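Enquirer: 3D, please:
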Amino acid sequence: MQKGIRLNDGHVTYLGLLAKKDGTRRGCLSKKSSDNTKWHTKWFALLQNMLFYFENESSSRPSGLYLLEGCLCDRAPSPKPSLSAKECLEKQYYFTVNFTHENQKALELRTEDVKDCDEWVAAISHASYRNLATEHESLMQKYLHLLQIVETEKTVAKQLRQQIEDGEIEIERLKSEIAGLLKDNEKIHASPAAAPTEDDSEIKKIKKMSADYTAFLQVQSFLRGWICRRKWKTIIQDYIRSPHAESMRKRNQVVFSMLDSEAEYVQQLHILVNNFLRPLRMAASSKKPPITHDDVSSIFLNSETIMFLHQIFYQGLKARIASWPTLVLADLFDILLPMLNIYQEFVRNHQYSLQILAHCKQNRDFDKLLKQYEAKPDCEERTLETFLTYPMFQIPRYILTLHELLAHTPHEHIERNSLDYAKSKLEELSRIMHDEVSETENIRKNLAIERMIIEGCEVLLDTSQTFVRQGSLIQVPMSEKGKITRGRLGSLSLKKEGERQCFLFSKHLIICTRGSGGKLHLTKNGVVSLIDCTLMEEPEGTDDECKTKSDKSGQDMEHLDFKIVVEPKDSQSFTIILVASSRQEKSAWTNNIRCNGLMMNAFEDNSKVTVPQMIKSDSSLYCDDVDIRFSKMMNSCKVLQIRYASVERLLERLTDLRFLSIDFLNTFLHSYRVFTTADVVLDKLITIYKKPISAIPARSLELFFASKFSLFSYNNGMVMSSCRELDNNRSALSAASAFAIATAGANEGTPTKEKYRRMSLASTGFPTDQRNGDKEFVIRRAATNRVLNVLRHWVSKHFPDFESNNELKTKVIAFLEEVMHDPELLTQERKAAANIIRTLTQEDHSDNQITMEDVTQLVGEGRAEPFESHSALEIAEQLTLLDHLVFKVIPYEEFFGQGWMKNDKNEKTPYIMRTTKHFNDTSNLIATEILRCDDLVTRVAVIEKWVAVADICRCLHNYNAVLEITSSLNRSSVFRLKKTWLKVSKQTKALIDKLQKLVSSEGRFKNLREALKNCDPPCVPYLGMYLTDLAFIEEGTPNYTEDNLVNFSKMRMISHIIREIRQFQQTAYKIDLQPKVAQYLLDKSFVLDEESMYEASLRIEPKVPN
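Expert: Purely as a prediction, here's the structure:
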């Protein structure tokens, strides 16, 4: 019985030393002994939520470790008066660490200083990851609040801008009126004074007419206002009755309904989490748990995360409703869409969670507890299964809501495009989820049927096998002559004896009999491959059969039978006759069989690397063993991938004739230096070639490969030949065909050499002089072909291995020359060996492109032309050329082991360090060029020109240069130039924001990865992104397990990153070198260091005193 918990001792020691060096809190504390009698002074170090203690400060290994997650730390209460003076002294600066679970004694500690005690208590109290979760939740709330503030400010700013524009128009109108009045006033003053001789009565008459005119104008103004108000009222009433207003009312109604639905859904998730998930977690931690934590996780999965997500979304919706009638929803969906991927995992797991729940309900204690939870008033008599089903319909509900919203949103509406985009993304996610659910359900259905069959059925373990239909059919027995005995067609005994349970899949028909207890037994020839079948719906009968049809019993079964003629490639043909219960049933079965047979013949796997179906479905090949273990992930060939394996098993898999995975070959050749040497790999290949029978494992020679190529099988003492058309684009003897020949000769029973000599091997591509049917011969041909293929891939794709190791190169050439002298070697094999030798002996393997050393020699050491004399396009092209020349020469060996983070990084990873130095030098050059300009206008022009260079580099797919330029603009010495940035145009600032968003490290360089995914080489990615990924893989997973097995999953992850890097390294830019521009970019004579740049920045714009 295990008494303790195993820990990774080496890693704990490392963490202890790290805590001792860089811990949050370190110092000497007195620790109370286990018997509460003595105090022992120890040296403590706090790292994150781990408290290490050492015997003394100079100890190199920790004595113990306390995990502080979820603990409570506080000062001890004041000592009681009854205690002695000495005890009071002991209790004076005393604090305890209490653990929340039972049977764990509190940790009692004492310090010599009250300040030290308080600091320790504060540090331990904050040493919990729960604080991070709480802080994350508060930050998310603040983030949503800030989003609301920003939206409100945008709306207010828009309204203010409109008011300002209206005020300016009004001011202009008033100005024009004042100008007109001033002109009229000037005319009045300029006119001559009225003659004093005019009659006063005339003046009074004119005044009276003026008063009447004024009254008339007032009445006219009143009438005009009344008419305008009436007209405006009519316009408003017409708009209210218009289709546009009706559409907007319906749109608002959809939004309000969406808010109500979201509130209801959040409430459902809240009940699921608080009434079921959290209580069951507590129950799983009890002394007598009715359910395990694993089952709780399997049932609920990420439902709590889904609840948090929709709570945030609901708060955002409420904030938007508060600003009605201005409803802006598109940005809310923009925030929600990236997070909805968590539904994929929930939907994929749903059926399995219901199965686990049904299994747990068999436990009476759990069933009783669950009924108590379901009886709560909040549940409203709904079961846990009902609450688990609600998230399944949320994505379709969003799609329907957006569909209704778009139906009532005008085409010119500002949100139309955004809502349409959100709807398309949700529909795409829904399709993916539907496909995953269908595939998962299909696999579970197949496994359920396979478990019902007592003998088992290996073809159902193929993940590409799709279930079509099942049902009961009657199988008619055959007479000795192979004819149908219809005399018993209508008899009850035949119906009872011949009843079969039939299961139709996309590739096979399974025929079983049902035994006691509902178990199934496979019949003889009960597994039928549809690709070998011919369907005959109206089988021809004999005269006797025609007479039988006249019987009443035969009439019941007439036209309900159909015949399946099976012609296997490796055995004799046979016929299966099945009878359906009705014509509709027969039609359904025959249509499905015909359809799937056509699909099998029409759509075969076109992959260059294929795995035989027998290997895919043979689960014994992928069972864990002491020296090899498999993951649950499948590769492109739909077979399980190796997770851990010994070096011997990896070398065995490299030369195993059953496996032709290019993914494994690439991963192995990228990473073999970690766990073995090139000489060991080459020796294994030489051994396979020289002694194939003894070196190849027996299990590699036991399978028959049903290939597209000509095969030979030995069955019942007779050699059968099955020939198919060869692909004209492939060689007559490819790796697959050679393997097929080898495995074909390894079947049970050994034909005599005389029988082999009678075989015609011409169809397999063997020349006339090599028609020797010996079993050893064909196995040697297959082994030779495999060895040559591995060597060809090694030499062509990983030639630096041989450039740096002349001894290995010489050894390979000597081995290939020995192979070429083999008298039994085929023409194709001899040609392949010669090609490999030719590749190895070539003097120049470069792409004839200029190197960085050539550039340095061409530009010379003269004085470079200034920045102003080069255009932005010239600088962008030459910067891209130089960046790619530095990037493409990095060997992939430097990406293993985090050598760039070691003390001797310049020796271990010189090319990576050279790339880093080039990046920093270019960034310093850009910042220096900006800070050299004393004139404000010139400085602004330089910034805008470098931004233009960055945008051109983006178009050239040089994302490394984009980051070089944007990082230089973000330097403190450049960023602080407020007066300069005020003069930079809005277009340039918007372009800078766009470029910075592209290369931002947010979300693990999410935007940059998307850009790299969608771009075609040539391209210069940012190397730091890949180095971050590699560091994460290296730190999180060791190279070897505790059982000394190679962590091949880690090697595969690193290999995938290396392959992506090499993809961009291999395609060169077609850009001609311009020595003058390159000389400017490489000239470091005028580049300032960090301190000098900051001094220049202060000289340009001094600090303003507070």
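
Enquirer: now the strand or helix carrying Asn920: buried residues?
Expert: Per DSSP states H and E, Asn920 falls inside helix 910-931. By neighbour count on 16 or more other C-beta atoms under 10 Å, the buried set for helix 910-931 is 911-916, 918-919, 922-931. (Each C-beta comes from the backbone N, C-alpha and C, glycine too.)

Enquirer: walk me through the domains of this protein.
Expert: 9-78+91-128, 244-440, 455-477+498-537+560-598, 870-1019+1067-1100 (the TED database).

Enquirer: any chance of TSV for those, columns mean pLDDT?
Expert: TSV is the format used below for the domains of the chain (pLDDT from 0 to 100):
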stretch	mean pLDDT
domain 9-78+91-128	83
domain 244-440	84
domain 455-477+498-537+560-598	83
domain 870-1019+1067-1100	88
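
Enquirer: quick check: what element follows the helix holding Asn920 along the chain?
Expert: By DSSP H and E, the next helix or strand past helix 910-931 is helix 936-955.

Enquirer: in that following helix, what counts as buried?
Expert: Result for helix 936-955 [16+ other C-beta under 10 Å]: buried residues 939-940, 942-954.

Enquirer: same check, this time on stretch 378-387
Expert: Cys379, Leu384, Phe387.

Enquirer: ok, and what's touching it?
Expert: Gln268, Ile271, Leu272, Asn275, Phe276, Leu354, Leu357, Leu370, Tyr373, Glu374 (C-beta atoms under 8 Å, 6 or more residues apart in numbering).

Enquirer: measure that stretch end to end?
Expert: 12 Å (C-alpha to C-alpha, to the nearest Å).

Enquirer: thinking again about what came up before, whichever of the contacts of stretch 378-387 end up buried, select them in ChimeraX.
Expert: A single ChimeraX command selects the buried members of those (16+ other C-beta under 10 Å):
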select :268,271,272,275,276,357,370,373,374
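
Enquirer: so can I have CSV of the contacts of stretch 378-387 showing distance to His310 and secondary structure?
Expert: Formatted as CSV, the contacts of stretch 378-387 follow (distance: C-beta to C-beta, whole Å; DSSP: H, G, I helix; E, B strand; the rest coil):
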residue, distance to His310, secondary structure
Gln268, 10, helix
Ile271, 13, helix
Leu272, 11, helix
Asn275, 17, helix
Phe276, 17, helix
Leu354, 22, helix
Leu357, 22, helix
Leu370, 24, helix
Tyr373, 22, helix
Glu374, 22, helix
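
Enquirer: can you tell me the centre-most residue of the chain?
Expert: Asn341 (10.3 Å; C-alpha atoms, centre = their mean).

Enquirer: and the gap between it and Lys158?
Expert: Noted for Asn341: a distance of 34 Å to Lys158, by C-beta to C-beta, to the nearest Å.

Enquirer: then Gln362?
Expert: For Gln362, the distance to Lys158 - C-beta to C-beta - is 63 Å.

Enquirer: residue contacts, Glu648?
Expert: Counted by C-beta under 8 Å, 6+ apart, Glu648 has contacts Asp627.

Enquirer: mind checking which helix or strand it is in?
Expert: helix 647-655.

Enquirer: so what does the following helix or strand past that helix touch, helix or strand wise?
Expert: Next along the chain after helix 647-655, taking DSSP H and E as the criterion, comes helix 662-675. Secondary-structure packing of helix 662-675 (3 or more C-beta pairs under 8 Å, 6 or more residues apart in numbering; DSSP states H and E): helix 647-655, helix 775-797, helix 1048-1066.

Enquirer: pretty sure Gln898 contacts Ala1031?
Expert: Yes: distance between Gln898 and Ala1031: 5.8 Å, which falls inside the contact criterion (C-beta atoms under 8 Å).

Enquirer: neighbours of the closest residue to Asn924 other than its chain neighbours, how many?
Expert: Counting by C-beta to C-beta, 6 or more residues apart in numbering, Asn924 lies nearest to Val1087, which is 5.0 Å off, once chain neighbours are set aside. Neighbour count of Val1087, defined by other C-beta atoms under 10 Å: 17.

Enquirer: the helix holding Glu648 to helix 1048-1066, inter-axis angle?
Expert: 50 degrees (axes from the mean of the first three to the mean of the last three C-alpha atoms, to 10 degrees).

Enquirer: and helix 647-655, what's buried?
Expert: Arg649, Leu650, Leu651, Glu652, Arg653, Leu654, Thr655.

Enquirer: let's have the residues you listed in TSV, adding distance to Ile531 and pLDDT.
Expert: Shown next, in TSV, are the buried residues of helix 647-655 (distance: C-beta to C-beta, whole Å; pLDDT from 0 to 100):
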residue	distance to Ile531	pLDDT
Arg649	33	85
Leu650	34	87
Leu651	35	85
Glu652	32	82
Arg653	29	81
Leu654	31	81
Thr655	30	76
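
Enquirer: show me which of these is closest to Glu427.
Expert: When the buried residues of helix 647-655 are compared for distance to Glu427 (C-beta to C-beta), Arg653 wins out at 42.2 Å.

Enquirer: endpoint to endpoint, stretch 1037-1044 covers what distance?
Expert: OK, stretch 1037-1044 end separation, C-alpha to C-alpha: 14 Å.

Enquirer: now do it, average pLDDT.
Expert: Stretch 1037-1044 shows an average pLDDT of 85 in the prediction.

Enquirer: would you mind giving the secondary structure of Arg224?
Expert: helix (DSSP: H, G, I helix; E, B strand; the rest coil).

Enquirer: can you give me the separation between it and Arg230?
Expert: 11 Å.

Enquirer: give me the neighbour count for Glu415.
Expert: 19.

Enquirer: am I right that Arg500 sits in a strand?
Expert: Yes: secondary structure of Arg500, determined by three-state DSSP: located in a strand.

Enquirer: pretty sure it sits against Ile474.
Expert: Yes: in this structure, Arg500 is within contact of Ile474 by C-beta under 8 Å, at 7.0 Å.

Enquirer: find the residues that touch each one of these two.
Expert: In contact with both Arg500 and Ile474: Leu578, using C-beta under 8 Å, 6+ apart.

Enquirer: circling back: can I get the domains of the chain in CSV with distance to Gln857?
Expert: Output for those, formatted as CSV (distance: least, C-beta to C-beta, whole Å):
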stretch, distance to Gln857
domain 9-78+91-128, 46
domain 244-440, 49
domain 455-477+498-537+560-598, 57
domain 870-1019+1067-1100, 10
